[in-house]
Each structure stands twice: as C-alpha cells, then as structure tokens.
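**Q** Quick one, structure for this:
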Amino acid sequence: MLEYVISGLLVTGAFFVLLGSFALVKLPDFYTRLHGPTKATTLGLGSLVLASVLYFTLSLEQANVQPLLIAVFLFISAPITAHMLIKVALHQKLPMTEKTANQNWQQQLKKPTDTDNS
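**A** As a prediction, the model looks like this:
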C-alpha cells in the first residue's frame, strides 16, 4: 500500500514540475513567467522530496533526514529568490503585458516623486 502512496507522490510531483516548466515557456511576460516555477515547481519538488524520504526510510529502515534538509532549503530560498528577481525587474522597468493584473506598479515607477525634485 505504501508503494502506491510513494508512486502517487512521484506522479503528482512530476506533474507539478511539468506544469511549472510549461508556465515558464508559455506565459507572456517576465512577471507571470516567474510565478509558474516558484509556485508549481516548489510544490512538485516538495512532493518528490517527500516520496524520496518515504522510500528511503522504508528501504533502509531508518530515518533519512537529508531530503528534508533539501526541502527546507528549497522552501526558504525559492520565495526569496523570486522576490529579488521581481525587485530587479521592477528596478530595470521591464515591460508588462496588458493582461498582467497589477499595472499600477508600472505606473508608479514612471511617476517622479516629490523627493526626486529636491
């Protein structure tokens, strides 16, 4: 029965990684392209790591902590990396498509502030 759970986790993880990769290729601009890999791929890799923990814990009959450390690093570093990439894209004023939801960010970057004139 546990093999079915591990297989389900592997298929689910592979599906989410594929979905994140597809989003990276098909979405229209940098801002939306970054959303796919950070959300879907993180969830998919988390599922794959959980399947790895279960499999090796059962086959070696001892707790295997190394994949959990990988998962912790992944879940901490992926949002921070995405945040920094978005900040750089906003600083570089990368264009957004019309369908990107939060267009007011782009408009705020174009407006000079009062502190710039002093």
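
**Q** low pLDDT regions in this structure?
**A** By pLDDT under 70, the weakly predicted segments of the chain are 100-118.

**Q** show me where it has helices.
**A** With DSSP state H as the criterion, the chain has helices at 2-26, 30-36, 42-60, 66-91, 104-110, 114-117.

**Q** Which one of those lies nearest to residue 98?
**A** Closest to residue 98 of these is helix 104-110 (Cβ to Cβ; 10.8 Å). C-beta coordinates here come from the backbone N, C-alpha and C atoms, glycine included.

**Q** Of all residues in this protein, which one is nearest the centre?
**A** Nearest to the geometric centre of the chain sits residue 38, at 1.0 Å (Cα atoms, centre = their mean).

**Q** can the helices of the chain go into TSV with extra columns for distance to residue 98 and mean neighbour count?
**A** Listed next are those as TSV, based on distance: least, Cβ to Cβ, whole Å; neighbours: other Cβ atoms under 10 Å:
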stretch	distance to residue 98	mean neighbour count
helix 2-26	17	14
helix 30-36	12	17
helix 42-60	28	18
helix 66-91	17	13
helix 104-110	11	10
helix 114-117	28	6
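
**Q** To residue 97, which of those helices lies closest?
**A** Residue 97 sits nearest to helix 30-36 of all the helices of the chain, at 7.7 Å, using Cβ to Cβ.

**Q** which helices and strands does that closest one pack with?
**A** Judged by 3 or more Cβ pairs under 8 Å, 6 or more residues apart in numbering; DSSP states H and E, the packing partners of helix 30-36 are helix 2-26, helix 66-91.

**Q** Format those as a markdown table; extra columns: distance to residue 42.
**A** Below are these laid out as a markdown table (distance: least, Cβ to Cβ, whole Å):
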| stretch | distance to residue 42 |
| --- | --- |
| helix 2-26 | 8 |
| helix 66-91 | 5 |
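
**Q** Out of those, which is closest to residue 50?
**A** Residue 50 lies closest to helix 2-26 among the helices and strands packed on helix 30-36, at 5.6 Å (Cβ to Cβ).

**Q** between the closest one and helix 42-60, how many degrees?
**A** 150 degrees (axes from the mean of the first three to the mean of the last three Cα atoms, to 10 degrees).
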